[in-house]
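1. after the sequence you'll find the predicted model.
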Amino acid sequence: MIHPDSLWLAQSLLHAPAWARVALTAPNERLREQAAVELAQSVIAAIEHPPTIPDIRQMTLPL
């Protein structure tokens, strides 16, 4: 399991559906709960499918 950093987590939240990000501030409790579930699912999906771009800070070692 990977340990995401704050920048990666922020990018995952920004790529979540816009309605969910906006609905967190809605006056309707049911809509806020649905938005929170959608954002949680977006973060879980990002954790399950990490980006394939290698971290340039990691040194590649020959095998």
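-> Yes, it's here.
2. what helix or strand is L39 on?
-> Assigned by DSSP states H and E, L39 falls within helix 29-48.
3. so which bits of that helix are buried?
-> L31, A35, E38, L39, S42, A46 (16 or more other Cβ atoms under 10 Å). Heads up, the C-betas are built off the backbone N, CA and C, glycines and all.
4. and it, C-alpha only, in CSV?
-> In CSV, the C-alpha atoms belonging to helix 29-48 read as follows (Å, rounded to 0.1, in the frame of the first residue of the first chain):
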residue,chain,number,x,y,z
GLU,A,29,-27.7,17.5,4.9
ARG,A,30,-28.5,14.7,2.6
LEU,A,31,-26.6,16.4,-0.3
ARG,A,32,-23.6,17.0,1.9
GLU,A,33,-23.5,13.3,2.9
GLN,A,34,-23.7,12.2,-0.8
ALA,A,35,-20.9,14.7,-1.6
ALA,A,36,-18.7,13.3,1.2
VAL,A,37,-19.3,9.7,-0.1
GLU,A,38,-18.4,10.8,-3.6
LEU,A,39,-15.2,12.5,-2.5
ALA,A,40,-14.2,9.5,-0.4
GLN,A,41,-14.8,7.2,-3.4
SER,A,42,-12.6,9.4,-5.5
VAL,A,43,-9.8,9.2,-3.0
ILE,A,44,-10.1,5.5,-2.7
ALA,A,45,-10.1,5.1,-6.5
ALA,A,46,-6.9,7.2,-6.6
ILE,A,47,-5.3,5.0,-4.0
GLU,A,48,-6.2,1.8,-5.8
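5. that helix - contacts with which helices or strands?
-> In this structure, helix 29-48 packs against helix 6-14, helix 18-23, with contacts taken as 3 or more Cβ pairs under 8 Å, 6 or more residues apart in numbering; DSSP states H and E.
6. just want the most central residue of this protein.
-> Centre of the chain computed as the mean C-alpha position; nearest residue by Cα atoms, centre = their mean is S12, 2.7 Å away.
7. alright, I will stop here.
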